[in-house]
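J.: what follows is a predicted structure for the sequence shown.
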4 protein chains.
Amino acid sequence: MTRSPATQRIVCAAVAHFAEASYDGASLSAIAEAVGIRKASLYAHFASKEALFMAAFEEALGIERTFADDCFNDESDRALPGLRYCHALIRRFGESAHLRFLLRAGYMPPGTLAEWVDARHEAYLAQLNDRFLARLDDWQGAQGALCAMQRERFALAYLGIVDSLQVKLIYTTAELALARLEALSSIFEDSLIQHCKSGNTP
Amino acid sequence: MTRSPATQRIVCAAVAHFAEASYDGASLSAIAEAVGIRKASLYAHFASKEALFMAAFEEALGIERTFADDCFNDESDRALPGLRYCHALIRRFGESAHLRFLLRAGYMPPGTLAEWVDARHEAYLAQLNDRFLARLDDWQGAQGALCAMQRERFALAYLGIVDSLQVKLIYTTAELALARLEALSSIFEDSLIQHCKSGNTP
Amino acid sequence: MTRSPATQRIVCAAVAHFAEASYDGASLSAIAEAVGIRKASLYAHFASKEALFMAAFEEALGIERTFADDCFNDESDRALPGLRYCHALIRRFGESAHLRFLLRAGYMPPGTLAEWVDARHEAYLAQLNDRFLARLDDWQGAQGALCAMQRERFALAYLGIVDSLQVKLIYTTAELALARLEALSSIFEDSLIQHCKSGNTP
Amino acid sequence: MTRSPATQRIVCAAVAHFAEASYDGASLSAIAEAVGIRKASLYAHFASKEALFMAAFEEALGIERTFADDCFNDESDRALPGLRYCHALIRRFGESAHLRFLLRAGYMPPGTLAEWVDARHEAYLAQLNDRFLARLDDWQGAQGALCAMQRERFALAYLGIVDSLQVKLIYTTAELALARLEALSSIFEDSLIQHCKSGNTP
DNA sequence: GATGAATGAGTGTTCATTCAT
DNA sequence: TATGAATGAACACTCATTCAT
């Protein structure tokens, strides 16, 4: 299951190119050139452009899932749930072609791959959802003030904030994304604290 | 400056195709076919694919700006500021190729057009920002409880929510976007009311 | 329905190339080069290689059907039925790419075209069958000695002889094909005369 | 000169693939896959595609020559000379890739191999010719009524009939080939008997 | 305004072949 | 013997663009 070094370099180049140009816009010639081989040689490693795309997607997804996991694991109990991941996202975006790839990839896969991509994308979001809920439960502690409906609502809002940051990162700059994060996280915190207090007092 | 009917039909077809396939993915052949003319005839109306893209972008932008204006104008004073536009967005997304085009267009314009698109996109967001602030001021009424910093913060958050909705619309369904809107608008409202109250009482 | 001169030249070149190399073996580059244009320019005339193949096939079929018709029309009443066409075939084979194309074309059309080709090929053979039977009836004159079963048998044999000649032409030379024709036509004549006599006398 | 089992399996697969797709259409990848090895491994057994083709051709030719020999050896003295082989051909065509290969191979060998194939094909036909003549002599028995010229004529006609059957088998079905054989063999028999009788009586 | 025809550049893909391992 | 990797050449096909008509 481990990949040869050459194959791995192809996957990396593919991630970078798909990240910049989406599926249709990325060309196998360019990817091959980046690796330093001829276009035809790619076919010794992957059966088709789609197969390469899938390998690149799974590579990127694996890395980003691990990254997200780490962020949630390292978050202190008292921090606003999920905030650490949001900050890490902003710092990371410029550096990680994997992340940019994931965001762009979902946009325009060719017809056949749409479902395949969607399924994996949703699994990724479900993981974020789970990790956020776990953190939320830790955060509110023993009191457990939030009802099920409220928990769900905050999770929905949290994922919305994550998407919102990613869009801002794609379109503009880390700086502006950070400003947005501060605004959104502050209203998020306001609402969350308010509900915990009100839920706490009879 | 008014366009011939034929030219207008080309722009409409272009909007639709760019909306579905981004700049690179859309082909002049397909656009011409949709209009019912030959590809070469397009060049009697537009000097290049880029020129057509720009015309389509400005068409879509104009329509969506008007649409947004109308939403804000029609919003009742007591409604949560900007909420009407968010709901309209969700309803509209499936129907309006112009809107889908605007969202997709920013993603992958060819190198040369990136700045051109960005400038216009920002102007669009600035308008939303302005209209939201005007509504916010109306809403809090004479009291004027929010300080300048808070006003700006809520505006930033509001635009974040709008982006978040649009992403959800692109990737998934109107239904899920609506659930997200309800979650985000409720925390937004919690925070807003809280700040107005606290700002109100001495 | 009339073709532009350039289009017609492409069809002619296509007939020649498909005749020499079958469908798969013929390359659009080579056909374009023969015409004196670039490969991409072919697509201004035909939508695909298959479309060009079909046009070439129908061109060749039309010409060969006319040729066969003429041969049967010009045959004297007393000549052995269909013999004139066989001789003409041998003379013509070296000169007519259309004929060579027809024979080769049926061999290896791509999956999709197999049925299409077969249907037309059979129509061609049915025409030969009809013309032969008409001549046969003329030849035996008023007596009408041959029963229906015999008529059919001779028609089957006649088409067999035609195929046999074509194979010999493809594999070897006109000279050897002529020798084969003489052998086959003589046994054919023997049998035919014998059946007419026997049918004649009570 | 004996082949390793692996080499033999390659030749068998090659026969099958060349039979279905002619020389150009058959791909070494597909042949290798059928054998269960990689394409590059073929070159441990054969120096080139042409070399493999030649090996496959000789394999097929050997088998079909033996088959023809057997047919002629098993034919009863009183049967119409060569008829047994014709019937066997029809039965065999669907089952024997070797036979299909031989027929197809001659059609489209690449330039270099054309002569090589022709020489072997002619030797095969010469064998059929010889065996037919031997049978013909047996059949007419001691009388020896047929003159040399007639013997040769019937041999030419016989080979023509064989070719005709093969074409019908390639293009259509065993059933139609059988109908053709019955028509051709009946006129062949008519003529043959007629010439033996007339040659017999002074 | 519209079009048929042409084109150079480019797409993904397959091919037979080579070579170090 | 067998293979993974590489490659040049060719494949059918699409692209945006040009130009004479």
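T.: Alright, I've got the coordinates. This is a predicted model, so every value here is computed, not measured.

J.: report pLDDT for A:Gly144.
T.: With respect to pLDDT, A:Gly144 scores 63.

J.: make that A:Arg104, sorry
T.: A:Arg104 is given a pLDDT of 84.

J.: how close does it sit to A:Phe18?
T.: 7 Å (C-beta to C-beta, to the nearest Å). Heads up, the C-betas are built off the backbone N, CA and C, glycines and all.

J.: the more surrounded of those two?
T.: For A:Arg104 versus A:Phe18, neighbours defined as other C-beta atoms under 10 Å in any protein chain shown are more numerous around A:Phe18 (26 against 21).

J.: buried sites along the strand or helix carrying the more buried one?
T.: Under the criterion of DSSP states H and E, A:Phe18 resides in helix A:5-25. Using 16 or more other C-beta atoms under 10 Å in any protein chain shown as the test for burial, helix A:5-25 gives A:7, A:9-19, A:21-23, A:25.

J.: what's the average pLDDT for it?
T.: For helix A:5-25, mean pLDDT is 94.

J.: only alpha carbons, please: show that helix as CSV.
T.: Extracted C-alpha coordinates of helix A:5-25, given in CSV (Å, rounded to 0.1, in the frame of the first residue of the first chain):
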residue,chain,number,x,y,z
PRO,A,5,8.9,7.8,-4.2
ALA,A,6,8.3,8.7,-7.8
THR,A,7,4.6,8.0,-7.5
GLN,A,8,4.5,10.0,-4.3
ARG,A,9,6.1,13.0,-6.1
ILE,A,10,3.5,12.7,-8.8
VAL,A,11,0.7,12.8,-6.2
CYS,A,12,2.2,15.9,-4.6
ALA,A,13,2.5,17.7,-7.9
ALA,A,14,-1.0,16.7,-8.8
VAL,A,15,-2.3,18.1,-5.5
ALA,A,16,-0.6,21.4,-6.2
HIS,A,17,-1.9,21.7,-9.7
PHE,A,18,-5.4,20.6,-9.0
ALA,A,19,-5.4,23.2,-6.1
GLU,A,20,-4.5,26.0,-8.5
ALA,A,21,-6.5,25.1,-11.5
SER,A,22,-9.3,22.6,-10.5
TYR,A,23,-9.7,19.4,-12.3
ASP,A,24,-10.4,20.6,-15.9
GLY,A,25,-7.9,23.4,-15.7
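
J.: how far off centre is the longest helix belonging to chain A?
T.: Scanning chain A for the helix with the most residues, using DSSP state H, yields helix A:111-140. For helix A:111-140, the separation from the chain centroid amounts to 9 Å (computed by C-alpha atoms, centre = their mean, to the nearest Å).

J.: what angle sits between the helix or strand just after it and helix B:148-171?
T.: Beyond helix A:111-140 in the direction of the C-terminus, DSSP H and E gives the next helix or strand as helix A:148-171. For helix A:148-171 against helix B:148-171, the angle between stretch directions is 90 degrees (axes from the mean of the first three to the mean of the last three C-alpha atoms, to 10 degrees).

J.: what comes up buried for helix A:148-171?
T.: Under 16+ other C-beta under 10 Å, the buried positions of helix A:148-171 are A:150-151, A:153-171.

J.: from the buried residues of helix A:5-25, pick the one nearest chain B.
T.: Among the buried residues of helix A:5-25, A:Gly25 lies closest to chain B (C-beta to the nearest C-beta), at 4.6 Å.

J.: next up, the contacts around that closest one.
T.: By C-beta atoms under 8 Å, 6 or more residues apart in numbering or on different chains, the contact set of A:Gly25 is B:Ser22, B:Asp24, B:Gly25, B:Met108.

J.: I'd guessed A:Thr7 sits against A:His45; true?
T.: Yes - between A:Thr7 and A:His45 a contact is recorded at 4.7 Å, counting by C-beta atoms under 8 Å.

J.: quick one: is the helix holding A:Phe18 near DNA strand F?
T.: Yes - using C-beta under 7 Å from any atom of the strand, we find that helix A:5-25 touches DNA strand F at A:Ala6, A:Thr7.

J.: is DNA strand E contacted by that helix?
T.: No - Helix A:5-25 is not in contact with DNA strand E by C-beta under 7 Å from any atom of the strand; minimum separation 7.8 Å.

J.: which residues of chain A lie near chain B?
T.: Residues of chain A lying close to chain B by C-beta under 8 Å from any C-beta of the partner chain are A:21-22, A:24-25, A:104, A:106-108, A:118, A:121, A:153-154, A:156-157, A:159-161, A:163-168, A:170-171, A:179-180, A:182-184, A:186-188, A:190-192, A:194-195.

J.: try it again at 7 Å.
T.: A:22, A:24-25, A:106-108, A:153, A:156-157, A:160-161, A:163-164, A:167-168, A:171, A:179-180, A:183-184, A:186-188, A:190-191, A:194 (C-beta under 7 Å from any C-beta of the partner chain).

J.: still on that earlier bit, tell me which of the buried residues of helix A:5-25 is nearest to chain D?
T.: Among the buried residues of helix A:5-25, and counting by C-beta to the nearest C-beta, the member closest to chain D is A:Thr7, at 16.6 Å.
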